Every structure is written in structure tokens, then in C-alpha cells.
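> Show me how the following folds:
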Amino acid sequence: MQAGDTMKELKAAVLVLADGTVFEGVSVGHEGHVCGEVVFNTSQVGYQEMLTDPSYAQQILVFTQPHIGNVGVNVEDMEAKQVFLQGVVMRSFSHSASNWRAQDTLQNFLQQHKITAISDIDTRALTQHLRQHGSQNGCIMTAQGDETIDNKKAQQLAREFPSLLGLDLAKEVSTKKPYTWDANNKTYNIVVYDFGVKQSILNCLANVGCNITVVPAQTTAQEVLALKPDGIVLSNGPGDPAACTYAIAAIQELLKANIPIMAICLGHQLLALATGAKTQKMKYGHHGANHPVQNLKNGDVAISSQNHGFVVADNNLPSCLRVTYRSLFDGSIAGIEHTTAPAFGFQGHPEAGPGPIELTSLFKHFISLMQVAHAKKN
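The predicted model follows:
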């Protein structure tokens with residue numbers, strides 16, 4: 001692939017929200033129309049990692065960073081083999097790429113993956129609207145031939161699109177068959193539940209000494225235990241955690257086995273649900289790489305990468321859960337640990353793909369739990 005200028009005559013496009021708010025722009029991706037829940041991400045870098053994060057399934061991603069596309073795309077920064085998000089909204093789109101790592105332009109990437117995208121939008125006004133009124137469904141519609149764009153039709157489509165509340169998307173984005181990742185006779189054999197796992201998570205686990213077997217979202221506890229893992233990871237993913245009843249049932253059985261468990265984002269929410277906690281949908285979620293969280297054990301503050309629209313509810317937490325981290329933006333639960341089983345969860349993305357690397361220490365904590373478990377066996 002060659003990174004070059006693919007500038008061409010641009011067609012009109014609109015983003016219409018379910019409440020009737022209209023943003024006019026130009027089409028820079030695949031032509032047509034798409035609907036999804038509109039959410040904004042405040043990260044300054046890492047647009048390719050965000051575009052390929054399976055956690056954005058059924059969502060339209062708004063970049064608050066105004067200039068997108070200037071460094072192109074490459075194979076190494078893919079977080080998944082395919083793109084699951086619905087569409088993309090940008091302020092200023094770069095049709096050419098200039099970076100030593102660039103293997104292609106973002107425009108070619110959008111076309112190849114059939115991603116509908118709109119640029120020249122006032123993303124600041126859009127973000128303020130979403131913050132005030134909450135995330136809502138929207139429709140990106142591009143001009144087709146000589147036809148004019150029907151804003152009313154776009155609004156109708158947005159309103160008809162299903163809410164993420166009650167929607168199980170983990171099984172939709174998950175691998176269909178188990179596979180191994182970087183299994184090179186390392187110290188620990190672990191199983192990763194793929195609810196929408198990112199490649200960066202697998203790389204971080206490999207870097208701390210794990211042979212990895214990735215299994216589908218609907219894998220039973222018995223099937224996982226048959227692999228005799230030293231530890232289990234519950235990955236990130238999209239949708240409503242409460243709808244993943246199969247995963248909640250499996251986690252309840254795995255907790256009884258006393259095997260170390262690390263849970264990330266959606267996995268963190270599923271771990272909480274498996275103990276009897278509740279989850280709830282947020283007004284506009286946490287999506288960005290500048291989210292401060294506080295460690296309640298020692299008072300330390302870390303900047304984290306976050307991408308979630310649901311959160312563990314504070315009320316009626318079961319006695320077997322202890323809150324370990326809280327968001328300093330809104331005080332919501334950002335980390336938990338089980339009081340009797342070697343299991344913990346973190347709401348953010350410690351793999352930092354993209355984002356700060358201040359919480360990669362959580363992977364080392366997972367290793368320490370497996371070390372303790374090994375010592376008890378011996």
C-alpha cells in the first residue's frame with residue numbers, strides 16, 4: 001500500500017440526530033446511510049485504534065480532535081481484523097497521509113472497510129449537544145447521484161434504530177472459534193474471553209509472560225476449566241453487560257474455581273454482575289484518554305483510557321466486592337476486587353491502545369495473583 005493523496009470531489013452528507021438536530025457536512029467515506037448511537041471521544045491521538053476497537057459496535061464515533069487522517073493507517077495499529085462501528089464524524093479530514101509508519105491513507109481505509117464518514121462538522125457544537133442532552137441515536141446520510149438528502153427520513157431512521165440498552169453485542173463481535181496468541185512456552189497459560197478483545201490487550205498479556213488461548217464469548221465455564229488455565233481474562237466489548245446472561249453464569253462458576261481473574265471494561269461490568277451487583281447506562285459515557293482515576297488503597301491518581309457507556313451501579317453493592325478505583329470526573333466506580341476470590345476488574349483500558357500507560361501495572365497485578373495461586377498449590 002502507498003500513502004498518497006486521494007483527494008476527489010466531495011459529496012454532501014448530513015448527520016441527523018434522533019431529536020431532529022441536523023449537522024451538514026461532506027462525505028469522506030463509503031456512500032450510503034448508517035445509524036447508530038452517537039458518542040464522542042476526546043483522545044488527541046490514536047484514531048486508527050479507536051476505529052478498530054470492537055467496543056464501538058453499533059455506534060457512530062465523533063472525534064473531538066479536529067484534524068483526523070494526517071498520519072494515515074498501518075497494519076500494526078489495528079485492534080481487530082475488522083471494523084464494527086457504524087460511522088465516523090470529524091471536523092477536518094486529511095485526504096493525504098504524511099508519516100513514516102503510514103501504509104495507506106485513512107480515506108482508502110474507510111472505503112475498503114465500507115465505513116460511512118462525514119467531515120466539516122462543527123464537532124464542538126455536536127459534543128456540547130451530546131453532553132447536555134446525552135448520547136442518542138443518529139443517522140449519517142450521504143448524497144446519492146442527483147438525489148437530495150432527506151433529513152426527515154434520516155431522523156426517522158435514527159429514531160427507529162434500537163437502543164443499546166438491553167442489547168447483547170459481545171457475541172456478535174466475538175471470535176467464532178478458539179485461537180492461540182503468541183504461545184511461546186511462556187510462564188503462565190491463560191484463557192481470554194473475547195467479548196470484543198483488543199489486540200493491545202493480548203500483546204500486554206504476552207509481554208508479561210502469558211501463553212494465551214482466546215475463546216468465544218459464549219464458551220462455558222466447564223470448557224474453560226478443561227483447558228486448566230493459570231488465569232482468566234474477561235475482555236472489553238460493546239453493548240449492555242446485563243444482556244450477556246451466558247457470560248454472567250460462566251463467571252459465577254469460574255469464581256468458585258478460585259482461579260485468578262482479570263476483568264477489563266465490559267468484563268469488569270460482567271464480573272460485578274456475576275457477584276450480584278447492578279449496572280446502569282450512563283448519560284454520555286466515558287470515551288477518551290485523559291480520564292483521572294484514584295486508587296482508593298493508597299490515594300494515587302492515574303490518567304486512564306476509558307471507553308464505556310455502562311457503569312457498575314454504586315447502590316446495593318454486594319459485600320463480596322470492594323471498590324478500588326473511582327473516576328475523578330464523576331465519582332463513578334472505576335475498579336473493583338473480590339474480597340474472597342482472586343478476581344479484580346478495571347473499568348478503563350490499562351493496555352492504553354490508545355492512551356497513557358500509567359495503569360499497565362494492572363497486568364503485573366494479574367501475574368502476582370497467579371504467582372500466589374501457584375505457591376499455594378506447591
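> give the contact list for the residue nearest the centre of the chain.
For the chain, the residue sitting closest to the mean C-alpha position, by Cα atoms, centre = their mean, is Ser55 at 3.1 Å. Taking Cβ atoms under 8 Å, 6 or more residues apart in numbering as the definition of contact, the neighbours of Ser55 are Gly196, Lys198, Asn236, Gly237, Pro238, Cys265, Leu266, Asn307, His308. Where you see a C-beta, it was placed from the backbone N, CA and C, and this is true even at glycine.
> ok but it is inside a helix, no?
Yes: according to DSSP: H, G, I helix; E, B strand; the rest coil, the state of Ser55 is that of a helix.
> Could you list which residues are in contact with Gly288?
Counting by Cβ under 8 Å, 6+ apart, Gly288 makes contact with Asn41, Thr42, Ser43, Ser305, Gln306, Asn307.
> Which positions within the one helix or strand it maps to qualify as buried?
Using DSSP states H and E, the element containing Gly288 is strand 279-295. Going by neighbour count (16 or more other Cβ atoms under 10 Å), the buried part of strand 279-295 is Thr279, Lys281, Tyr284, Gly285, His286, His287, Gly288, Ala289, His291, Val293, Gln294.
> next helix or strand past it?
Following the chain from strand 279-295 toward its C-terminal end, the next helix or strand by DSSP H and E is strand 301-312.
> May I ask which two of the contacts of Ser55 are separated the most?
Lys198 and His308 (13.3 Å; Cβ to Cβ).
> which of the buried residues of strand 279-295 lies closest to Glu351?
For the buried residues of strand 279-295, with Glu351 as the reference and Cβ to Cβ as the criterion, the closest is Ala289, at 11.8 Å.
> and the closest one, what does it touch?
If a contact means Cβ under 8 Å, 6+ apart, then Ala289 has 42-46, 303-306, 352, 354-356 as its contacts.
> ok, now with 7 Å
Ser43, Ser305, Pro354, Gly355, Pro356 (Cβ atoms under 7 Å, 6 or more residues apart in numbering).
> who wins for neighbours among the residues you listed?
Each of these was scored for neighbours by other Cβ atoms under 10 Å, and Ser305 scores highest at 29 neighbours.
> any idea how far Phe161 lies from His30?
In this structure, Phe161 lies at 18 Å from His30, with Cβ to Cβ, to the nearest Å as the measure.
> between these two, who's got more neighbours?
Phe161 (20 against 16).
> what bridges to the nearest residue to the more buried one once chain neighbours are set aside?
Of all residues beyond its chain neighbours, the one nearest Phe161 is Cys35 (4.0 Å), with distances taken as Cβ to Cβ, 6 or more residues apart in numbering. Cys35 forms beta bridges with Cys139, as assigned by DSSP bridges.
> count of residues packed around Cys35?
Neighbourhood size, Cys35 [other Cβ under 10 Å]: 24.
> Go through the contacts of Ser55 and say which is closest to Ala257.
Nearest to Ala257 among the contacts of Ser55: Leu266, at 21.2 Å, using Cβ to Cβ.
> Please report how far the closest one lies from Asp150.
Counting by Cβ to Cβ - Leu266 and Asp150 are separated by 36 Å.
> What of Leu167?
Using Cβ to Cβ, one gets 27 Å for the distance from Leu167 to Asp150.
> Ramachandran angles for Leu234?
Leu234 adopts backbone torsions of phi -100, psi 120, taken as degrees, to the nearest 10.
> my guess is it meets Leu271, correct?
Yes: counting by Cβ atoms under 7 Å, Leu234 touches Leu271, with 6.1 Å between them.
> hey, where'd the helices end up in this structure?
Counting by DSSP state H, residue ranges of the helices within the chain are 47-51, 106-112, 123-133, 151-160, 170-173, 199-207, 221-225, 245-256, 266-274, 361-377.
> a markdown table for these, including mean neighbour count?
Rendered in a markdown table, the data for these read as follows (neighbours: other Cβ atoms under 10 Å):
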| stretch | mean neighbour count |
| --- | --- |
| helix 47-51 | 24 |
| helix 106-112 | 21 |
| helix 123-133 | 16 |
| helix 151-160 | 17 |
| helix 170-173 | 22 |
| helix 199-207 | 20 |
| helix 221-225 | 16 |
| helix 245-256 | 18 |
| helix 266-274 | 28 |
| helix 361-377 | 15 |
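> Among these, which comes closest to Gly25?
Comparing those by their distance to Gly25 (Cβ to Cβ), the top pick is helix 123-133, with 9.9 Å.
> same for that closest one, what does it pack against?
In terms of contacts (3 or more Cβ pairs under 7 Å, 6 or more residues apart in numbering; DSSP states H and E), helix 123-133 is packed against strand 33-41, strand 59-63.
> so of those strands, which one's packed in deepest?
With neighbours defined by mean count of other Cβ atoms under 10 Å, none of the helices and strands packed on helix 123-133 is more surrounded on average than strand 59-63, at a mean of 26.
> Mind giving me the packing neighbours of it?
Counting by 3+ Cβ pairs under 7 Å, 6+ apart, the packing neighbours recorded for strand 59-63 are strand 33-41, strand 87-89, helix 123-133.
> And these: which comes nearest Leu157?
Between Leu157 and the helices and strands packed on strand 59-63, the tightest spacing by Cβ to Cβ is seen for strand 33-41, at 5.2 Å.
> which residues touch the closest one?
Contact partners of strand 33-41, identified using Cβ under 7 Å, 6+ apart, comprise 17, 50, 58-64, 86-87, 116, 127, 130, 135-142, 154, 157-158, 161, 164, 284-285, 287-288, 309.
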